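Colleague: the following block contains a protein sequence and its predicted model.
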Amino acid sequence: MAVYLSATALWVALLRQIPLHVAYPFVALAFFLVPLLGHWFLGEPLRWQSLFGAMVIVLGVWISVGLE
């Protein structure tokens, strides 16, 4: 509960500084980070499908935010 409360407070603070159309695509990066953290900390296997999907998500975030 404390982690959720902290994450919510950080999200609200972030949204005060950055427009939603820029900040929200980065939520999709959780689909990239969670499998990596699961592999590193819990020893879960990484499949090529997960890695390919993560690359597609990162590319989508890059395109939607317009990072150069």
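Modeller: Noted; the coordinates are in hand.

Colleague: for the rest of this, base every contact and every neighbour count on C-alpha atoms.
Modeller: Fine.

Colleague: please tell me how far Leu37 sits from Val12.
Modeller: Distance, Leu37 to Val12, by CA to CA, to the nearest Å: 24 Å.

Colleague: what do you get for Ala28?
Modeller: On the measure of CA to CA, Ala28 and Val12 end up 17 Å apart.

Colleague: out of those two, name the residue with the larger neighbour count.
Modeller: Set Ala28 next to Val12 and count neighbours by other CA atoms under 10 Å: Ala28 wins out with 14 against 11.

Colleague: my guess is that one meets Gly60, correct?
Modeller: No. Contact criterion CA atoms under 8 Å: Ala28 and Gly60 do not qualify, at 9.1 Å.

Colleague: okay, Ala2: pLDDT?
Modeller: The model reports Ala2 with a pLDDT of 92.

Colleague: do Val22 as well
Modeller: pLDDT at Val22 comes out at 79.

Colleague: same deal with the one 3 residues further on?
Modeller: Predicted confidence (pLDDT) for Pro25: 80.

Colleague: ok, for it, nearest residue in space, not its chain neighbours?
Modeller: Nearest residue to Pro25 in three dimensions, chain neighbours excluded: Val61, at 5.6 Å (CA to CA, 6 or more residues apart in numbering).

Colleague: Gln49: which element?
Modeller: helix 48-65 (DSSP states H and E).

Colleague: keeping just the C-alphas, turn that helix into CSV.
Modeller: C-alpha atoms of helix 48-65 as CSV (Å, rounded to 0.1, in the frame of the first residue of the first chain):
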residue,chain,number,x,y,z
TRP,A,48,12.6,-13.8,-27.5
GLN,A,49,8.9,-12.9,-27.9
SER,A,50,9.1,-10.8,-24.7
LEU,A,51,12.2,-9.0,-25.8
PHE,A,52,10.8,-8.4,-29.3
GLY,A,53,7.6,-7.1,-27.8
ALA,A,54,9.5,-4.8,-25.5
MET,A,55,11.5,-3.4,-28.4
VAL,A,56,8.3,-2.6,-30.3
ILE,A,57,6.9,-0.9,-27.2
VAL,A,58,10.1,1.2,-26.7
LEU,A,59,9.9,2.1,-30.4
GLY,A,60,6.3,3.2,-30.0
VAL,A,61,7.1,5.4,-27.0
TRP,A,62,10.0,6.9,-29.0
ILE,A,63,7.7,7.6,-31.9
SER,A,64,4.8,9.0,-29.9
VAL,A,65,6.9,11.3,-27.7
